[in-house]
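1. How does the following fold in three dimensions:
(chains A and B)
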Amino acid sequence: DTGVSQNPRHKITKRGQNVTFRCDPISEHNRLYWYRQTLGQGPEFLTYFQNEAQLEKSRLLSDRFSAERPKGSFSTLEIQRTEQGDSAMYLCASSILRNNGKSHGYTFGSGTRLTVV
Amino acid sequence: DAKTTQPTSMDCAEGRAANLPCNHSTISGNEYVYWYRQIHSQGPQYIIHGLKNNETNEMASLIITEDRKSSTLILPHATLRDTAVYYCIVRPFYKLSFGAGTTVTVRA
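-> Okay, the predicted model is just below:
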């Protein structure tokens, strides 16, 4: 296992197009998170899954954004009708929630850099 | 999540210890202190975390004050590859909220 994998690494799209990103977490990790990072800022939380259930969504996640984790393994993040303001790095992370209720040490992927032109 | 305050930037000489401060005066009893770093164009990397006691691993040491209102991350022998943005985060178990972090530049 080589960590969290994100594809594609870079995506350039025209405004108004739909895009989809994929995240493959560490195999035994049951929690998966999506973050967005714009230039000069820290990552901002978007949403997270525990297994296949989406448990929290940020207000940043407008109705043009949808995330899925259908079998509790990989996840996809889709942005419909992209806008220039969607240009950012989209980061995925995973962690394991242990039986003691504790979850430490996210592992992040290298991200997908989206440019909307 | 408790808010953290970090210096915007700091320089460090290669081979010397780098001490990165973080204030988190509103931390609550069940919130951990986490440190991550982000090297340019990569995802954040976990460094260390602690609740009350000082912690050490192969990357760094974390010193938490007795009142838990502040902490210091120590990189014992900084190298050029330690140049990155360092984030101090306090949280309960599941969600990380990043601030702007401290940009650390290690100089030869």
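2. what about the residue nearest to residue B:55 when sequence neighbours are not counted, which SS state?
-> Leaving aside its sequence neighbours, residue B:55 sits nearest to residue B:62 (Cβ to Cβ, 6 or more residues apart in numbering or on different chains; 4.6 Å). Any C-beta I mention is one placed from the backbone N, CA and C, and that applies to glycine too. Each residue gets one of three states, and residue B:62 gets strand by DSSP: H, G, I helix; E, B strand; the rest coil.
3. Distance of residue B:62 relative to residue B:50?
-> Noted for residue B:62: a distance of 5 Å to residue B:50, by Cβ to Cβ, to the nearest Å.
4. hang on, the earlier thing: contacting residues for the residue nearest to residue B:55?
-> Listed by Cβ atoms under 8 Å, 6 or more residues apart in numbering or on different chains, the contact set of residue B:62 reads B:33, B:35, B:48-50, B:54-56, B:71-74.
5. What residues are bridge-paired with the spatially most central residue of chain A?
-> Nearest to the mean C-alpha position of chain A, counting by Cα atoms, centre = their mean, stands residue A:34 at 2.9 Å. Residue A:34 forms beta bridges with residue A:47, residue A:92, as assigned by DSSP bridges.
6. Surely it touches residue A:94?
-> No: applying Cβ atoms under 8 Å, one finds residue A:34 not in contact with residue A:94, separated by 10.6 Å.
7. Now the common contact residues for these two.
-> Common contact partners of residue A:34 and residue A:94 (Cβ under 8 Å, 6+ apart): residue A:23.
8. Now do the contacts for residue A:38.
-> Going by Cβ under 8 Å, 6+ apart, residue A:38 touches A:87-89.
9. And for residue A:37?
-> Residues in contact with residue A:37 (Cβ under 8 Å, 6+ apart) are A:43-44, A:88-91, A:111.
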